[in-house]
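# need a structure here:
(one chain, ligands or ions: 1)
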Amino acid sequence: MTTQLPTDDPTRTAAWTRLSSLAAGLVDTTVRDLVDAGAERAAALTRTGARIHYDVSRQRVTDEVLAALLDLAAERDVRGRRDAMLGGAHINSTEDRAVLHTALRRPSTDALAVDGVDVVSEVHEVLGRMGAFADEVRSGDWRGSTGQRISAVVNIGIGGSDLGPAMAHIALEAFSTREIDFRFVSNVDPTDIAEAIRDLDPATTLFIVASKTFTTLETMTNARAARTWLVAALGEEAVERHFVAVSTNAEKVAEFGIDTANMFGFWDWVGGRYSMDSSIGLSTMIAVGPDGFAEMLSGFHAMDAHFATAEPADNLPMLMGLVAVWNRDFLGIETTAVLPYSQYLSRFPAYLQQLTMESNGKSVRLDGTRVDYPTGAIVWGEPGTNGQHSFYQLLHQGTSTVACDIIVVARSENPLTDQQDMLVANALAQAAVLARGRTAEEVAADGTPADLVPHKVMPGNRPVSVLLVDRLDPFTLGALVALYEHSVFVQGAVWGIDSFDQWGVELGKKVAMGILGNLTGDDAATFDPSTDASIALYKQLR
Ligand code: F6P
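As a prediction, this is how the structure comes out:
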């Protein structure tokens, strides 16, 4: 009997077959061999786009591998899929939605009709309203119910409605007003909201309730807690001056009691994890001002334009995505550490976890057939140099190979003595050591006693990409985020999966609601034996 093979299987391309044999042929070739082959490699394998310099010379790739990866992209029609996304096709097929976060940063002179509506003019209408509101809050024209100016903004959201704004708040602190205190509440753990508001004055606090759906348990629960706290101090009529909403769901916003005149909308074609540049970024706009936000959008747009027009071989997101596929599917590397050498990017790895893992943590293709090749890598990280003193030991000498993205910022916003040079020296040292390692002969040549030599050998051969940017300003942050967004897209296109749905997170939410019924009510529902035992123990202890 013949089996019907799935039509969208990347392993059936000629390029995949070639890449498999290239990987087999590279078994004895290390990153050190490649790096040491000649000075021209570093220049040849560094590409620049939207002010980001992306260096893959420490990746375990040869010219043949790169050529075959580009063939793979061609055979998978990544460019055609990209154009479909940019043009507003419903490429999120399981939710029947367009994927148009790129429309959020198109200039107002552009037009893009989706389902008969010009989305660019809609985007700019909302940006205009956000700008006017942000200016009012920043200038003190927006007053609380007692006539005082706003000195604290609390963003209540979770996932894409929290991680982007929270990450950007830290990333752009040097460009932000210091007159307003920004806080971010996400966890349904009551501690999160309690600690966030405990020292705030309701009369000077503005809450932004950020939720695409306006139904998310955590966000609505925290928003209700915030409302109760505010109303207890200032009365019901104060809600109007102290709560604004960011959502696609006007009905639910009104139901919650927020005037829809104080709601900033967005659209179902913006995925939560792709929304930090939509009105979900309202807190960012209040922090950096409308001009700073526009700068960030132009950075996003510059990378979009680069992705849309640069030749595949010079295209940063294309290369980043293809290198990720190479590491995952052909070198068998399961995890990628993102290591920003910038304290301002301390939440960037957490932000990327949602962007990458919620997007490409999938195991069926668009046609519903199961993949039999690895998809999205596990992404994690912490800023350097801190990580060097905690988990880098495993990166250097552990039994798992971890691919690394090292992000380096050339110019510090806080130039103190030579600390920036120290930081960058550490970043480049780690890139060198991870890639090249240290052989037994080199260790012994130092006079190391023979019994210690094996302990000091550094295997190296850890693939590293170095991303170098001039400075971390709003433009660069936008370009950096867009680079990773499009890299995720390229990987998903090669794998033939839907990078824009997230069905995997739904079941847990549903089961939690069932268990909650048991914990808080008379609902005597039972679950599996382990869950029932845990419930019983919790009830004893609480
Ligand atoms: O649970 C996952 C998720 O749906 C994310 O995709 C999303 O960013 C987050 O929840 C928050 O959703 P919302 O903005 O609708 O509250």
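# which single residue of the stretch 301-450 of the chain ends up nearest the ligand?
Using CB to the nearest ligand atom, the closest approach of the stretch 301-450 of the chain to the ligand is made by residue 358 at 5.8 Å. All C-beta atoms are positioned from the backbone trio N, CA, C, and that covers glycine.
# hang on, isn't that residue packed against residue 501?
No: assessed by CB atoms under 8 Å, residue 358 is found out of contact with residue 501, at 9.2 Å.
# ok, those two, which is more surrounded?
The residue with more neighbours, out of residue 358 and residue 501, is residue 358; 22 against 18, by other CB atoms under 10 Å.
# give the rounded mean pLDDT of stretch 315-326.
In this model, stretch 315-326 has an average pLDDT of 98.
# next: stretch 456-476.
pLDDT averaged over stretch 456-476 gives 98.
# please identify the buried residues of it?
457-469, 472-476 (16 or more other CB atoms under 10 Å).
# tell me which of the residues you listed fall in strands.
464-469 (DSSP state E).
# check contacts around the spatially most central residue of the chain.
With distances taken as CA atoms, centre = their mean, the residue of the chain nearest its centroid is residue 352 (2.7 Å). Listed by CB atoms under 8 Å, 6 or more residues apart in numbering, the contact partners of residue 352 are 338, 379, 381, 484.
# now for those: which two are most distant?
381 and 484 (12.1 Å; CB to CB).
# so where does residue 303 fall, helix or strand?
Under the criterion DSSP states H and E, the helix or strand holding residue 303 is helix 282-309.
# same question for residue 350.
With DSSP H and E as the test, residue 350 turns up in helix 348-352.
# beyond that helix, next helix or strand please.
The C-terminal neighbour of helix 348-352 among helices and strands, as given by DSSP H and E, is helix 359-360.
# packing partners of that following helix?
helix 474-495 (3 or more CB pairs under 8 Å, 6 or more residues apart in numbering; DSSP states H and E).
# relative to the ligand, how far out is residue 218?
From residue 218 across to the ligand, the span is 8 Å (CB to the nearest ligand atom, to the nearest Å).
# just checking, that residue touches residue 185?
No: when contacts are counted by CB under 8 Å, residue 218 is not listed as touching residue 185 (9.0 Å).
# any buried residues in the helix or strand containing residue 536, and which?
Using DSSP H and E, residue 536 sits in helix 529-541. Buried residues in helix 529-541, defined by neighbour count with 16+ other CB under 10 Å: residue 535.
# do stretch 381-396 as well
Using 16+ other CB under 10 Å as the test for burial, stretch 381-396 gives 381-385, 387-388, 391-392, 395-396.
# now the stretch 201-350 of the chain against the ligand: closest residue?
Counting by CB to the nearest ligand atom, the stretch 201-350 of the chain gets nearest the ligand through residue 272, at 2.5 Å.
# so who does that residue touch?
Neighbouring residues of residue 272 by CB under 8 Å, 6+ apart: 159-161, 212, 502.
# who wins for neighbours among those?
residue 161 (30 neighbours).
# that residue reaches residue 213, doesn't it?
No: contact between residue 161 and residue 213 fails when scored by CB under 8 Å: they sit 9.3 Å apart.
# what pairs with the helix or strand bottoming out on mean pLDDT in the chain, parallel or antiparallel?
When the helices and strands of the chain are scored by mean pLDDT, DSSP states H and E, strand 113-114 comes last with a mean of 90. Next to strand 113-114 in the sheet, as set by DSSP bridges, lie strand 117-118 (antiparallel).
# hang on, the earlier thing: which element follows the helix holding residue 303 toward the C-terminus?
helix 316-325.
# tell me the buried residues in that next one?
Result for helix 316-325 [16+ other CB under 10 Å]: buried residues 316-325.
# so where's the chain shaky on pLDDT?
1-7 (pLDDT under 70).
# can you list the residues of it near the ligand?
Taking CB under 6 Å from any ligand atom as the criterion, the chain approaches the ligand at residues 158-161, 211-213, 216, 219, 272-273, 358, 502, 505.
# a markdown table for those residues, including secondary structure?
What follows is those, written out as a markdown table (DSSP: H, G, I helix; E, B strand; the rest coil):
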| residue | secondary structure |
| --- | --- |
| 158 | coil |
| 159 | helix |
| 160 | helix |
| 161 | helix |
| 211 | coil |
| 212 | coil |
| 213 | coil |
| 216 | coil |
| 219 | helix |
| 272 | helix |
| 273 | helix |
| 358 | helix |
| 502 | coil |
| 505 | helix |
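# closest to residue 19 out of those?
Nearest to residue 19 among those: residue 358, at 26.7 Å, using CB to CB.
# OK, contacts around the closest one?
Neighbour list for residue 358: 159, 273, 502, 505 [criterion: CB under 8 Å, 6+ apart].
# now do it against residue 376, distance only.
With distances taken as CB to CB, to the nearest Å, residue 358 is found 9 Å from residue 376.
# and what of residue 208?
From residue 208 across to residue 376, the span is 30 Å (CB to CB).
# out of those two, which sits in the more crowded spot?
Neighbour tally, residue 208 and residue 376, criterion other CB under 10 Å: the higher count belongs to residue 208, 25 against 22.
# who does the more buried one bridge with?
Beta-bridge partners recorded for residue 208 (DSSP bridges): residue 155, residue 244.
# without its sequence neighbours, what residue ends up closest to the residue of the stretch 401-542 of the chain found nearest the ligand?
Ranked by CB to the nearest ligand atom, the top residue of the stretch 401-542 of the chain for proximity to the ligand is residue 505, at 4.1 Å. Nearest non-adjacent residue to residue 505, counting by CB to CB, 6 or more residues apart in numbering: residue 358, 7.2 Å away.
# out of the contacts of residue 352, list just those in helices.
Of the contacts of residue 352, the ones assigned to helices by DSSP state H are residue 484.
# take the contacts of residue 352 and keep only those in strands.
Those of these lying in strands (DSSP E): 338, 379.
# out of the contacts of residue 352, which comes closest to residue 224?
Nearest to residue 224 among the contacts of residue 352, counting by CB to CB, is residue 379 at 33.0 Å.
# give me the number of residues near the closest one?
By other CB under 10 Å, 24 other residues sit near residue 379.
# which residue packs closest to it, ignoring adjacent ones?
Nearest to residue 379 is residue 356, by CB to CB, 6+ apart, at 4.7 Å.
# ok, residue 259 next?
residue 240 (5.5 Å).
# which SSE is that neighbour in?
Counting by DSSP H and E, residue 240 is part of helix 239-242.
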